[in-house]
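Asks: Fold the following, please.
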Amino acid sequence: MRAVGQEEHAAEFELYPLGEAAVVIRVNPGPSPTSTGFDASRARLAAFVRLLEKERPPAITEWVQTYATVTLFYDVWSVYRDGFPPGTAEPVCDTSERRERTPYEQVCAWIERLLGSREHPAGAGADAVGCGARQAGLAAAGGATAEAVAPEEEAIPATHVSPAAVEIPVCFADDLGADLREVADRAGMSPGEVIRLFCSADYEVQLIGFLPGFPYLGGLPAKLAHPRKAVPRQKVPAGSVAIGGVQAGIYPMEAPGGWQLIGRTPYALFDAERERPSLLQAGDRVRFVPVDRAQYDELARDPAAGWLTREEGRS
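Replies: Modelled structure (predicted):
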């Protein structure tokens, strides 16, 4: 593991291998993790992914982003044969140094440089980060400064979609939101007040997981936080809008689940026949819009409605 210490106002991150052809970048929220710290970590990871999309060398085959990490997968033989990244005006390692560095070390050096490099203080030693002895950090504001790593013609177009602002219609009828009254009672509010507060918030898709297309949404008003059920339901209907702890979520398909159900959307969140089967992507911004039963039924008749809304909300 390569723990990279940071100066004041910079984020601390770690690099470590995952098997023989991947490296994990982990941003630490700090010695006393808080929701604010984790939000800042996600912002820094998002800034890194934006740089990665712009500067991606051919040897990077894909990447996977989670709450606190980004995992980069690379072609080991390509790095061994051509160096990493190939064809740059200012390579991370010269030819002689490349012979002495493993593909993993070369990729790590490039990551550190991409995050915004500065030379180690005198005496830090090459063993600290290897291949050029780099110290790097993402600025606390979530941005990053990167040297030119690869020319435009070397970059591979990113396969990730741009974040979008998506409005999700929700019907809060009693038979569609079985736990709405329970959530309201716990919050000391009426169901109508819960609906208004829930729909007034701006949400961010922090992660897609648990089920294909299931969005974990940050931004839930603190007053609406509610623990999950002690005994999960065996069947939660597709489209159910729910609260689980301090997050909101939407069930893309019928499945067991223990979140508190407060409403239902007519939008399909997952379609395996589409090129990108998940309606929502990490980084998307979401607003919930209340609709009545007639509007819900009308929207439910158009399975493409959600994807059209996403295209309209592309940033």
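
Asks: Quick check: closest non-adjacent residue to residue 284.
Replies: Leaving aside its chain neighbours, residue 284 sits nearest to residue 205 (4.4 Å; criterion: C-beta to C-beta, 6 or more residues apart in numbering). (Each C-beta comes from the backbone N, C-alpha and C, glycine too.)

Asks: Report the secondary structure state of residue 288.
Replies: strand (DSSP: H, G, I helix; E, B strand; the rest coil).

Asks: Pull the number of nearby residues for it.
Replies: Neighbourhood size, residue 288 [other C-beta atoms under 10 Å]: 24.

Asks: Run through the residues that contact it.
Replies: Residue 288 makes contacts with 167, 168, 169, 170, 198, 199, 201, 203, 241, as judged by C-beta atoms under 8 Å, 6 or more residues apart in numbering.

Asks: now these: which count as buried?
Replies: By neighbour count, with 16 or more other C-beta atoms under 10 Å, the contacts of residue 288 hold 168, 169, 170, 198, 201, 203, 241 as buried.

Asks: what's the distance between the closest residue to the last one other than its chain neighbours and residue 179?
Replies: It stands for residue 241. Excluding its sequence neighbours, the residue lying closest to residue 241 (C-beta to C-beta, 6+ apart) is residue 263, at 4.5 Å. To residue 179, residue 263 is 10 Å away according to C-beta to C-beta, to the nearest Å.

Asks: higher neighbour count, those two?
Replies: Per other C-beta under 10 Å, whichever of residue 263 and residue 179 has more neighbours is residue 263, with 28 against 19.

Asks: who's in contact with that one?
Replies: 170, 171, 172, 173, 176, 177, 180, 195, 240, 241.

Asks: doesn't residue 48 fall inside a helix?
Replies: Yes. Counting by three-state DSSP, residue 48 is found in a helix.

Asks: What's the separation between it and residue 73?
Replies: Distance, residue 48 to residue 73, using C-beta to C-beta: 15 Å.

Asks: repeat for residue 170
Replies: Taking C-beta to C-beta, one finds residue 170 at 37 Å from residue 73.

Asks: Which of the helices and strands in this protein ranks last by mean pLDDT?
Replies: Sorting the helices and strands of the chain by mean pLDDT, DSSP states H and E puts strand 134-136 at the bottom, at a mean of 33.

Asks: following that strand, which helix or strand shows up next?
Replies: Going down the chain from strand 134-136, the next helix or strand is strand 165-170, by DSSP states H and E.

Asks: Check which element follows that next one along the chain.
Replies: Per DSSP H and E, the helix or strand that comes after strand 165-170 is helix 180-187.

Asks: just how off-centre is that next one within its chain?
Replies: The chain centre lies 30 Å from the centre of helix 180-187; the measure is C-alpha atoms, centre = their mean, to the nearest Å.
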